[in-house]
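**Student:** need a 3D model of the following:
(2 chains)
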Amino acid sequence: MNTTAVTIFIVLFGLVTVLGFVAARWRRGDLNQLHEWGLGGRRFGTVVTWFLLGGDLYTAYTFIAVPAVLFGAGATGFFAVPYTILVYPIVYAVYPRLWSVAQAKGYVTAADFVRGRFGNGTLALAVAVTGIVATMPYIALQLVGMEVAIAGLGISMDIAVPGIGVVHDLPLLIAFVVLAVYTYSSGLRAPALIALVKDALLYVTVIAAVIIIPAELGGFGKIFAAADPKTLLLASATATSLGPQAAYATLALGSTLALFLYPHAVTGLLSASSRHVVRRNAVILPAYSFALGLIALLGTMAVAAGVKSMPQFAAGFKAFGNQYAVPALFVHSFPPWFVGVAFAAIAVGALVPAAIMSIACANLFTRNIYREYIDPDCKPGREAQVAKIVSLVVKLGALAFIIELPTSYAIQLQLLGGILIIQTLPSVIFGLYTNRLNPWALLTGWIAGIGSGTFMAAANGFKVSIYPITLFGYTIPCYAAVSSLVLNIAVSFALSWLFAAVLRTPPRDATVEADYA
Amino acid sequence: MLWVGSYDRALPALIGIPFFYWYQMLWIVLGVAVMLPVYFFDERNEKR
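**Tutor:** Numbering: from 1, shown residues only, chains lettered A, B, ... in the order given. Next comes the predicted model:
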């Protein structure tokens, strides 16, 4: 444990905590209304939205896990780069429409929109439940990111408290109580304000890392020469299989399509103050992708630095596996005070998405389950109150998850989460362009997609998301989210066409075309 | 970007970084370069 690093870490963490509480007064609104608490009053301009979405989508776990894959498995892990390249043109084209209709109709969640567009509460419920289930393990993984950072500082997770005895995971508990309380009191304003600090820390860390570490290791040539030549590139297609290249491409495509269906991404986008802000952000958010690419390369640098065989990091690698690669590299390469800054960047980087995700889940539960099925006549104040309490429950659930169960469960569930959330694409994205899809057809497609996707993930023991599909003796390794989505879309369209031909029920659409402009 | 075979190689390297890595990083910048003119075009159209 290094005192300088720990002190800097705690000071930065404290600063962020203060900001979280101050945020309630920032751009003051009536926090007893759901759209004020859960969407920041839809008042965030270009710059705040940029920080908020950047902090939201590029999570602590990403910054730990992506380099961990490059560290352990080589080139495959770099799929995160094409994935984040492909996502923004889609956001640019599609999401201003979602923002406009949400503004016109007062929608807070994607499920709200589906409810209005297709006039079907069951389909909206399916979309809401999918969102909550897919997000829960994601919150848990933010805790893993924080745990790795705290462990990297050398702070013991089991601390003896006078009068109580040894408390397990105490630093993590403290961090999360703090997070829970300011999310409760400030809503989306808290992560928005904290994201400014997080990203400043993050960019400083990344820039320092790509300047200092390659210099220490003797340049990029030497770094890549030290990597395993077998995994430096992807293996090519053969006569009977498309090979890892197909896996890489479908992983990038599937992740792209899934990303902005996640409730925390929708929440971030809908909190923007205008559709122009959404567009502008699609153009400027790739700056984070560049940072992500550099961070991914830290995995390769960690191989070259040889941190895995260093005795001082043996315990960390034993506890966290390859996820310890980046923390170990930082401790190895940076002076202690900067280790404090870098680890604060990771830990605060976990707080921002965790807060937004719990708010997004709370919005979904309150709007699409509580108000729809439990208390349809609830007042706005009651609605906001329920959301605040749900945000607490969600975080406690994630905390219990991470303390009680092995980390590998959270990772496996997160992998399944991507496969689940992508099944809402036909309802949400196609729904932005047409109301002619039948809601029951969409629901059947959703069931087919969830069923086949879960089956493929289960067949792999929830360990890998790539499921090989064999067509005419030719094997295509494909990300299960993509193949199950294809089935989902096929079912949705075929049944919509059939229902339209047989039943001729007119669409029950609460929106008009002008709402989307 | 989905046609992985088109860039899955080591050469030419840039300051020691294999082609596979720097080419994809380059596309982040190119993606923005493509979206910028579209953005200005759209915004101008909507103001009228």
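
**Student:** how about the contacts made by A:Ala325?
**Tutor:** A:Ala325 sits next to A:Pro67, A:Ala68, A:Phe71, A:Gly72, A:Leu298, A:Gly299, A:Ala302, A:Val307, A:Lys308 when contact means Cβ atoms under 8 Å, 6 or more residues apart in numbering or on different chains. (C-beta placed from N, C-alpha, C; glycine too.)

**Student:** closest one to chain B out of those, please.
**Tutor:** Ranked by distance to chain B (Cβ to the nearest Cβ), the contacts of A:Ala325 are led by A:Gly299 at 11.4 Å.

**Student:** got a pLDDT number for that closest one?
**Tutor:** Here the pLDDT value assigned to A:Gly299 is 86.

**Student:** same thing with the one 10 residues further on?
**Tutor:** For A:Ser309, the pLDDT comes out at 79.

**Student:** for A:Ala60, same thing?
**Tutor:** For A:Ala60, the predicted pLDDT is 78.

**Student:** who's in contact with it?
**Tutor:** A:Gln142, A:Gly145, A:Met146, A:Ala149, A:Ile346, A:Ala347, A:Gly349, A:Ala350, A:Pro353.

**Student:** between which two of those is the distance greatest?
**Tutor:** Greatest spacing in the contacts of A:Ala60, by Cβ to Cβ: A:Ala149 and A:Pro353 (14.1 Å).

**Student:** which of the contacts of A:Ala325 tops the neighbour count?
**Tutor:** A:Ala302 (30 neighbours; other Cβ atoms under 10 Å in any protein chain shown).

**Student:** doesn't it lie inside a strand?
**Tutor:** No: assigned with DSSP: H, G, I helix; E, B strand; the rest coil, A:Ala302 falls outside any strand and is helix.

**Student:** from the rest of the structure, what touches stretch A:398-411?
**Tutor:** Stretch A:398-411 is contacted by residues A:65, A:136-137, A:139-144, A:147, A:168-169, A:172-173, A:176, A:320, A:354, A:358 when judged by Cβ under 8 Å, 6+ apart.

**Student:** got a quick ChimeraX command for the buried subset of those residues?
**Tutor:** Buried residues among these (16 or more other Cβ atoms under 10 Å in any protein chain shown), as a ChimeraX selection:
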select /A:65,136,137,139,140,141,142,143,144,147,169,172,176,320,354,358
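
**Student:** among the contacts of A:Ala60, which ones are in helices?
**Tutor:** A:Gln142, A:Gly145, A:Met146, A:Ala149, A:Ile346, A:Ala347, A:Gly349, A:Ala350, A:Pro353 (DSSP state H).

**Student:** per-residue confidence for the first one?
**Tutor:** pLDDT for A:Gln142: 85.

**Student:** likewise for A:Gly165?
**Tutor:** At A:Gly165, pLDDT is 63.

**Student:** tell me which stretches of chain B form helices.
**Tutor:** Under DSSP H, chain B gives helices at B:19-47.

**Student:** neighbouring contacts of stretch A:464-480?
**Tutor:** Outside stretch A:464-480, the residues touching it (Cβ under 8 Å, 6+ apart) are A:240-244, A:246-247, A:250-251, A:253-255, A:415, A:418-419, A:452-453, A:456-457, A:459-460, A:481, A:483.

**Student:** any of those buried? List them.
**Tutor:** Buried members of the contacts of stretch A:464-480, counted by 16+ other Cβ under 10 Å: A:241-244, A:246-247, A:250-251, A:253-255, A:415, A:418-419, A:452-453, A:456-457, A:481, A:483.

**Student:** A:Tyr467 is in what secondary structure piece?
**Tutor:** strand A:466-471 (DSSP states H and E).

**Student:** burial count for A:Phe118?
**Tutor:** 24.

**Student:** which residues touch it?
**Tutor:** A:Phe118 neighbours (Cβ under 8 Å, 6+ apart): A:Ala124, A:Ser427, A:Gly431, A:Asn435, A:Leu437, A:Pro439, A:Leu442, A:Pro507, A:Arg508, A:Asp509.

**Student:** tell me if the first one really is in a helix.
**Tutor:** Right, the one you point to is A:Ala124. Yes: applying three-state DSSP, one finds A:Ala124 inside a helix.

**Student:** which SSE is the closest residue in space to A:Ile429 that isn't next to it in sequence in?
**Tutor:** Closest residue in space to A:Ile429, ignoring its immediate chain neighbours: A:Val94 at 6.1 Å, by Cβ to Cβ, 6 or more residues apart in numbering or on different chains. Assigned by DSSP H and E, A:Val94 belongs to helix A:80-105.

**Student:** mean confidence score for that helix?
**Tutor:** Rounded mean pLDDT across helix A:80-105 is 89.

**Student:** A:Lys222 is in contact with A:Ala305, isn't it?
**Tutor:** No: look at A:Lys222 against A:Ala305 with Cβ atoms under 8 Å: they stay out of range, at 10.7 Å.

**Student:** does stretch A:71-80 come close to chain B?
**Tutor:** Yes: contact of stretch A:71-80 with chain B (Cβ under 8 Å from any Cβ of the partner chain) involves A:Ala75, A:Phe78.

**Student:** list the contacts of that stretch.
**Tutor:** With contacts defined as Cβ under 8 Å, 6+ apart, stretch A:71-80 is touched by A:62, A:66-70, A:227-228, A:230-234, A:244, A:247-248, A:251-252, A:255, A:292-293, A:296, A:299-300, A:302-303, A:321-322, A:325, B:20-21, B:24.

**Student:** which of those count as buried?
**Tutor:** Counted by 16+ other Cβ under 10 Å, those give A:62, A:66-70, A:227, A:231-234, A:244, A:247-248, A:251-252, A:255, A:292-293, A:296, A:299-300, A:302-303, A:321-322, A:325, B:20-21, B:24 as buried.

**Student:** out of the residues you listed, list just those in helices.
**Tutor:** Taking DSSP H as the definition of helices, those contribute A:62, A:66-70, A:244, A:247-248, A:251-252, A:255, A:292-293, A:296, A:299-300, A:302-303, A:325, B:20-21, B:24.

**Student:** what about the residue in chain B positioned nearest to chain A, how many residues nearby?
**Tutor:** Scanning chain B for the residue nearest chain A gives B:Gly16, at 3.0 Å (criterion: Cβ to the nearest Cβ). By other Cβ under 10 Å, 15 other residues sit near B:Gly16.

**Student:** what's near enough to touch it?
**Tutor:** With contact set as Cβ under 8 Å, 6+ apart, B:Gly16 has these partners: A:Gly219, A:Phe220, A:Gly221, A:Lys222, A:Ile223, A:Phe224.

**Student:** any idea what sits nearest it, other than its immediate chain neighbours?
**Tutor:** In space, B:Gly16 is closest to A:Gly221, 3.0 Å off (Cβ to Cβ, 6+ apart).

**Student:** closest one of the contacts of A:Phe118 to chain B?
**Tutor:** For those, the nearest to chain B is A:Gly431 (22.2 Å; Cβ to the nearest Cβ).

**Student:** now do the closest residue to the closest one other than its chain neighbours against chain B, distance only.
**Tutor:** Excluding its sequence neighbours, the residue lying closest to A:Gly431 (Cβ to Cβ, 6+ apart) is A:Arg117, at 4.8 Å. Distance of A:Arg117 to chain B, computed by Cβ to the nearest Cβ, to the nearest Å: 23 Å.

**Student:** so who does the residue in chain A that chain B sits nearest to touch?
**Tutor:** Nearest residue of chain A to chain B: A:Gly221, at 3.0 Å (Cβ to the nearest Cβ). Applying Cβ under 8 Å, 6+ apart to A:Gly221 gives the contacts B:Ala13, B:Ile15, B:Gly16.
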